[in-house]
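> task: produce atomic coordinates for the following.
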Amino acid sequence: MPSLARLPILALALGAMAPSSPDPEMTRWRAEAANVTIVRDDWGIPHITGKTDADAVFGMIYAQAEDDFSRIEANYLTALGRTAEAPGAGEDAVWADLRQRLFVDPAELQRQYAASPAWLKKLMDAWADGLNFYLATHPEVKPKVLTRFEPWMALSFTEGSIGGDIERISLSELKTFYGKPTPKTAMEMGPREPTGSNGIAIAPKLTKDGHALLLINPHTSFYFRSEAQVTSGEGLNAYGASTWGQFFVYQGFNAKAGWMHTSSTVDNVDEFAETVSSKSGMLALYRYGKGERAFDIRPVTITYRKPDGSMGSRTFSTWRSHHGPITAARDGKWIATALMWKPVPALEQSFLRTKATDIKSYLAVAERKSNSSNDTLFADSKGEIAFLMPQFMPVRDGRFDYTKPVDGSDPATDWKGLHSLVSLPSVLDPMVGWVRNTNDWPWQAAGADSPKAASYPKYMDQVGPNFRGTHADALLAGSTGWTLEGLRTAAYDPHLPAFALLIPRLSAAFDALPVGDPARVRLAAPVAALRSWDCRWSADSKETALAAFWGDALLRMPAANYEEAGLPVWQHLQRATPRELIAALDMAVARLTREFGDWRVPWGEINRFQRLDDAIDAPRFDDAGPSVAVPFTSAIWGSLASFGAKPYPGTRRWYGSGGDSFVAVVEFGPRVRAMAVMVGGQSGDVRSKHFTDQIERYASGKLRPVYFYPDQLAGHVERRYRPGE
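This next block holds a predicted model:
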């Protein structure tokens, strides 16, 4: 008989041997996973099927995490204002987080989550469950910061476009206002590589087979989006590109309709110059009408990682007027920034529009008016096409120029509600038979059927036209017999209209040089080469390389900042003087000769695609490493296929980091038909064959068939499984 003294030890031993109680979260996650099937096709693209929309969301985000969890986490660190918590983030991340947190309040997002509709809450719950289940079943994955996702976090990142409205706020000015005087950076001063997108929709009357066509061509930083098909028993069946970490297809199509978002040129982010009438300590007043108002003061605490790895925090006292948070000071005024911040309606709109089957149902979703930055090109199986403006459009007094800070003390400058959808310069089923947008103004969206600028407030556009728009118009005007392949060909048409405009001016400047000017001899051959060039890019074209280097030099002339002068790139280029045109060509010839041994270098020898690692912020490029020639150029020159490339430290060659990121052409017949390509590959894992398996197709514009229906997917299945297997 054991002694009483040993009984506690025996009890402990028996307790250790007894089965532990099941983890209720893991039990719930596994039950959700049992309702999901993921099929990976031979390009690694996931086709997710769930019993309910929530199940599909669970599987979709789980599949994204398999492909590139690091980018999901990075996007939510940005969206939540927590980037500075990551190892090696640096001091600039503190200021980026502060900018984000001027709008993103975690406590407020939690309250909005709690009050959100039950159907949306289920999707957010499933989103968090899918990510947490992935982390629980992949212990080898070590998040930098976010070891657990909460459902409310989905409300911090709801819209899908790159950057977002908040990133329009100058970090340099924000730093200066909140205590660290900082000059503007070169990136803020410009010129910058254009981001945005191309979208084209063509009506059945212009197509060979009588079916509407849609071009989906976002221009973003590379590897910004994931490709997937997501299907549920509740009517969801969407295919296309989703921004890492989001549970809706941002640019894509379903069996009946397709939507392409392009960055809009509308002016719906405004600055109000507040007149500070008195300030004593933390109390400050500003003028408004005939009286004064007190600035609201809100403390914002930013947690950051110190160089030794430990955590620190810094609390900022932030100010805001009724117009918005104070983000800068100029000419003695405090600048308040006003922009859309409607997390719940924005997330509703982003998800529900993927289930729209025609323009009527799409517009019904758009009545939430929570899309602030996207133009939309739309097409459906009924043959309807449309160009839609962003639906978040504040009504403003047309006497004021909202492209500049307006007087915040004048109540007349305040926003006065939102425009109705019918009052926006959108285009539905134009007689011309096509609509398009290239991140330019809406006044050329549909040829002769475009909205007329004189009929709308000036704030409907703040940028004007661009060379890609000129290019698209030339391809679309008067054209018929369009096919899916014909639209793909148009997306890669090599014409460069900027150089078609600039080279005759260069020729005239060269011919006007005085007799005996040394440049007449020095530049005779380069000028002759450009004169005889057809202004069409190709990998073996020496003229493309010469023109690209010339244009790169031209963008930096004159020294005065063209963005501060309010000039878009196309206007800046056309203001170049004859002396600048010649000097820029001299610089281009000298640079090519210095870096490549001759100014006669095929463009493909310079312009390259390379993917060596999975770094997000600072990818590595190496002239000695494998790379692929890319024939198309920067969008600045009017190339519809965009490839923003430049040399990096230690390289002579130019390597792309932005431009075409997902390209798809879609035909809406009795069965939808599509072709697509993703930049690089579906996976962010350097060990995966899908890390680089689409590079050759990307560079050549050879799109692959999309497997939308089960019979199309048959014979192309790489793996079929449930999350967690």
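> contacts, neighbours, all on C-alpha from now
Will do.
> just the residues contacting the helix or strand containing Leu585, thanks.
Following DSSP states H and E, one finds Leu585 within helix 578-596. Residues from elsewhere that reach helix 578-596 (C-alpha atoms under 8 Å, 6 or more residues apart in numbering): 505-506, 509-510, 523, 526, 546, 549-551, 553-554, 557-558, 598-601, 652.
> can you check stretch 670-686 too?
Stretch 670-686 has contacts (C-alpha under 8 Å, 6+ apart) with 43-45, 67-68, 222-223, 226-227, 254-256, 381, 484, 611-614, 660-667, 690-695, 697-698, 702-706, 708.
> ditto for stretch 179-186
Taking C-alpha under 8 Å, 6+ apart as the rule, stretch 179-186 contacts Ser172, Glu173, Lys175, Thr176.
> same check on stretch 644-651?
Contacts to stretch 644-651, defined as C-alpha under 8 Å, 6+ apart, come from residues 193, 607-608, 621-623, 633-635, 653-659.
> ok, stretch 693-708 next?
Contacts of stretch 693-708 (C-alpha under 8 Å, 6+ apart): 43, 229, 239, 488, 492, 609, 628-631, 663-664, 672-681, 713.
> give me the buried entries from those residues.
Among the contacts of stretch 693-708, those classed as buried by 16 or more other C-alpha atoms under 10 Å are 43, 229, 239, 488, 492, 609, 628-631, 663-664, 672-681, 713.
> inside helices: which ones of the residues you listed?
The helices, defined by DSSP state H, take in Arg488, Leu713 from the buried ones among the contacts of stretch 693-708.
> out of the buried ones among the contacts of stretch 693-708, name the ones that lie in strands.
Applying DSSP state E to these, the entries found in strands are 229, 239, 609, 628-629, 663-664, 672-678.
> nearest to Ala74, of the residues you listed?
Comparing these against Ala74 with C-alpha to C-alpha places Met678 closest, at 20.2 Å.
> Asp41 versus that closest one, what's the distance?
Noted for Met678: a distance of 14 Å to Asp41, by C-alpha to C-alpha, to the nearest Å.
> okay, buried residues for stretch 160-170 please.
So for stretch 160-170, counting by 16+ other C-alpha under 10 Å, buried means Gly160, Ser161, Ile162, Asp165, Ile166, Ile169, Ser170.
> an error on my part: the question was meant for stretch 682-697.
Across stretch 682-697, burial judged by 16+ other C-alpha under 10 Å covers Gln682, Ser683, Gly684, Asp685, His690, Phe691, Thr692, Asp693, Gln694, Ile695, Glu696, Arg697.
> show the pLDDT at the closest residue to the third one other than its chain neighbours.
It refers to Gly684. Counting by C-alpha to C-alpha, 6 or more residues apart in numbering, Gly684 lies nearest to Asp68, which is 5.0 Å off, once chain neighbours are set aside. Predicted confidence (pLDDT) for Asp68: 98.
> what's near enough to touch Asp68?
Taking C-alpha under 8 Å, 6+ apart, we find Asp68 in contact with Trp244, Ser683, Gly684, Asp685.
> over to Thr480. Which of the three states is it?
Put simply, Thr480 is coil when judged by DSSP: H, G, I helix; E, B strand; the rest coil.
> quick one: contacts for it?
Thr480 neighbours (C-alpha under 8 Å, 6+ apart): Leu206, Thr207, Lys208.
> got any ranges where the stretch 51-200 of the chain has weak pLDDT?
Across the stretch 51-200 of the chain, the ranges flagged by pLDDT under 70 are 162-163, 185-195.
> where along it do the helices fall?
53-80, 91-101, 106-115, 118-137, 171-177, 186-189 (DSSP state H, counting those that start in this stretch).
> closest to Ala412 out of those?
helix 171-177 (26.4 Å).
> mind listing the strands for the stretch 301-450 of the chain?
Ranges of strands in the stretch 301-450 of the chain, per DSSP state E, counting those that start in this stretch, are 311-321, 324-330, 333-338, 374-380, 385-388, 406-407, 427-428, 434-437.
> ok and the second one relative to strand 333-338, angle-wise?
Put simply, strand 324-330 runs at 140 degrees to strand 333-338, going by axes from the mean of the first three to the mean of the last three C-alpha atoms, to 10 degrees.
> give the buried residues for strand 324-330.
Using 16+ other C-alpha under 10 Å as the test for burial, strand 324-330 gives Gly324, Pro325, Ile326, Thr327, Ala328, Ala329.
> distance of the fourth one from Ser172?
In this case it means Thr327. Counting by C-alpha to C-alpha - Thr327 and Ser172 are separated by 10 Å.
> who touches both of those two?
Joint contacts of Thr327 and Ser172 (C-alpha under 8 Å, 6+ apart) do not exist.
> list the buried residues for stretch 712-720?
Leu713, Val717.
> got the contact list for it?
Contacts for stretch 712-720 (C-alpha under 8 Å, 6+ apart): Thr37, Ile38, Val39, Arg40, Asp41, Asp42, Gly44, Tyr707.
> how many residues are close by the first one?
When you say that, I think you mean Thr37. For Thr37, the number of neighbouring residues by other C-alpha atoms under 10 Å comes to 22.
> so it, which state does it fall into?
Secondary structure, three-state DSSP: Thr37 is strand.
> who's it bridged to?
Bridge pairing for Thr37 (DSSP bridges) gives the partners Thr49.
> ranges for the strands of the stretch 601-725 of the chain?
Counting by DSSP E, counting those that start in this stretch, the strands of the stretch 601-725 of the chain are 607-609, 628-629, 643-646, 654-660, 662-668, 672-678, 704-705, 717-721.
> out of those, nearest to Ala338?
The nearest among the strands of the stretch 601-725 of the chain, by C-alpha to C-alpha, is strand 654-660 at 28.6 Å.
> average pLDDT across the closest one?
96.
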